[in-house]
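# Sequence first, then the predicted structure, then my questions.
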Amino acid sequence: MSETIAEMRLPTDELRRDIPFYSKVLGMRMDSIYPADDPSVAVFSGHGLRLRIEKGASEAPGTLRILTDDPDAFAGGQRRLTAPNGTLIEIEDRHPPLVMPETVHSFVVRRLKDQAPWVIGRAGMHYRDLVPSRLGGSIIASHIRIPDGGPVPDMVHFHRVGFQLIFCIHGWVDVVYEDQGPKMRLTAGDCFIQPPEIRHRVLEASDDLQVIEIGVPADHVTEIDHDMLLPTDKLDPDREWQGQRFVYNQGKTGKWQDFRLPGFICRDTTIAENTKGVAGVQVVRKGKGDSPFASHDTDILFAFVMAGQVTLHGEGREPYSLDSGDAFAIPPGMKTRLSDATDDLELLEVSLPGTFTTTLETT
C-alpha cells in the first residue's frame with residue numbers, strides 16, 4: 001500500500017547544532033540524516049509534524065507553534081525559544097481557558113436599511129453583523145442566511161464558547177446534535193442553544209433560510225471533529241456541557257405571559273432554566289396598554305425585530321422607528337421606552353445573565 005508523506009523544509013547553517021535542540025529540547029524523533037560523511041539534511045518528526053532541516057535551504061526559518069496540555073512541563077517551561085537554525089518556537093496551551101472580556105457598554109441601533117454588508121462565512125453562509133462594536137468583544141450577534149436551499153457543506157464541529165443561541169426567523173434547517181437523537185428541523189420561531197463544545201452538524205436548509213446567532217464571547221474557536229459520527233447511538237437529553245443543557249424550543253408550543261415591560265407579552269424559551277441563568281431568551285409581542293420608561297441591570301441586553309414595527313426611545317436620543325430586520329442593544333442603567341408597536345410586532349430579546357431586575361419609571 002502506497003503512503004504519502006508531507007514535510008516542511010527549514011534552513012540551517014550548521015546542522016550539528018540543530019540536532020540536539022530538535023531531538024532533546026523539543027522531543028522530536030530524528031528519522032533520517034545524510035550524507036553520512038558530512039550531513040547536510042536531517043528529518044525530524046513529532047507532535048504531528050515532519051520537519052526537513054536542510055543546510056543552505058532558501059526558505060525563511062519561520063515560526064513553529066507547539067500546542068500542549070501541559071506547557072510548564074514542555075521544554076523546561078519556556079514559552080518562547082529560538083532554535084539554532086533561527087526558527088522561532090512558541091509553546092502554547094492546547095486548550096487555553098475561555099476569556100470573557102469585560103463588556104464595553106454602549107447604546108447600539110443597527111438598521112437593515114443601513115445596508116450593513118453581508119459577508120461569506122463558514123460553509124458558504126452569509127453573515128450580517130448586528131452589533132459592530134461587539135460591546136468590547138463580549139458578544140457577537142449575527143443575522144445569517146442561506147439564499148439557496150439544499151444540502152449544506154458542513155462538517156461535524158463544535159465551538160469553544162460560553163453561550164450560543166440559534167433562533168430561526170425564516171425558512172427551516174435540519175441539524176443533528178451529539179447525544180440528542182436523530183436530526184431536528186428548526187423552523188421560524190424555533191431556537192436551539194448549543195452548549196459549549198456540543199458536537200453538531202448542519203445538514204440541509206430551505207431556500208432563504210434566515211437565523212439569528214448569538215455567541216459569547218465574540219471571538220471564539222470553531223473546531224472540526226473528524227472522528228465523531230452523528231447522530232450518536234447514545235441518547236442523553238439531560239446531559240450537561242459545562243453546566244448547560246441542549247435546548248430545542250419550538251415556538252408553536254410556547255405559553256404567553258406578561259413581559260417584564262407593561263404593554264407587552266412574552267414567550268419564554270426555557271433557556272434561562274437550562275443554562276442555570278447564564279442567559280435568557282424571550283419572544284415579545286404587543287400586549288395591552290402603554291409601556292413607561294424603564295432601565296435594567298443585566299450586563300448585555302440585545303433585541304432584534306423579527307416582524308412588525310416599534311419605536312425605541314432612549315434618554316437624550318431622538319426616537320428610532322424600527323422595522324423588521326433592525327436590532328438594538330441597551331446598556332445597563334439607561335432609560336428607554338418602546339412605543340407605537342404594531343399588532344404584528346415580534347421581538348427577540350436576549351439577556352446575559354438571564355435573571356435581572358427591570359426598574360420602571362413612575363413619573
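Ah, there it is.

# Give me the local confidence score for the nearest residue to V310 once chain neighbours are set aside.
Computed as Cβ to Cβ, 6 or more residues apart in numbering, the closest residue to V310 that is not its neighbour in sequence is A341, at 4.5 Å. C-beta: built from backbone N, CA, C; applies to glycine. Here, the pLDDT recorded for A341 equals 97.

# now A341, what's its secondary structure?
Recorded secondary structure, A341: coil (DSSP: H, G, I helix; E, B strand; the rest coil).

# Kindly report the same for V202.
Secondary structure state of V202, per three-state DSSP, is strand.

# So which residues of this structure form helices?
Here the chain has its helices, by DSSP state H, at 15-20, 271-274.

# Count the residues that sit near G308.
Using other Cβ atoms under 10 Å, the number of residues around G308 comes to 17.

# hang on, it packs against D343?
Yes: the criterion here is Cβ atoms under 8 Å, and G308 meets it with D343 at 7.3 Å.

# quick one: contacts for the residue most central in space within the chain?
For the chain, the residue nearest the mean C-alpha position is G215 (4.5 Å; Cα atoms, centre = their mean). If you count contacts by Cβ atoms under 8 Å, 6 or more residues apart in numbering, G215 has them with I139, I140, S142, H159, V161, F163, Q164.

# Swap in 6 Å and give it another go.
When contacts are counted by Cβ atoms under 6 Å, 6 or more residues apart in numbering, G215 touches I140, V161, Q164.

# Could you check the pLDDT of I140?
pLDDT, read off for I140, is 95.

# ah, wrong one, I meant G254
Listed pLDDT for G254 reads 85.

# Give the phi and psi angles for it, as a check.
Backbone torsions for G254, taken as degrees, to the nearest 10, come to phi -80, psi 150.

# Let me see the contact set for it.
Taking Cβ under 6 Å, 6+ apart, one finds R267 in contact with G254.

# Then L112?
Neighbouring residues of L112 by Cβ under 6 Å, 6+ apart: G325, D326.

# do the same with E178
By Cβ under 6 Å, 6+ apart, the contact set of E178 is I198, R199, T232.

# give me that answer again for 7 Å
I198, R199, H200, M228, L230, T232 (Cβ atoms under 7 Å, 6 or more residues apart in numbering).

# hang on, the fifth one packs against V156?
Yes: contact status for L230 versus V156: in contact at 5.6 Å, counting by Cβ atoms under 7 Å.

# Next, show the common contact partners of these two.
R199, R201.

# picking up where we left off before, where does the residue nearest to V310 fall, phi/psi-wise?
When read as degrees, to the nearest 10, the backbone of A341 gives phi -70, psi 140.

# right, and it touches A307 too?
No: if you go by Cβ under 7 Å, A341 and A307 don't touch, sitting 10.9 Å apart.

# follow-up on the earlier one: would CSV of the helices of the chain with distance to G62 and mean neighbour count be doable?
Shown next, in CSV, are the helices of the chain (distance: least, Cβ to Cβ, whole Å; neighbours: other Cβ atoms under 10 Å):
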stretch, distance to G62, mean neighbour count
helix 15-20, 14, 15
helix 271-274, 45, 19
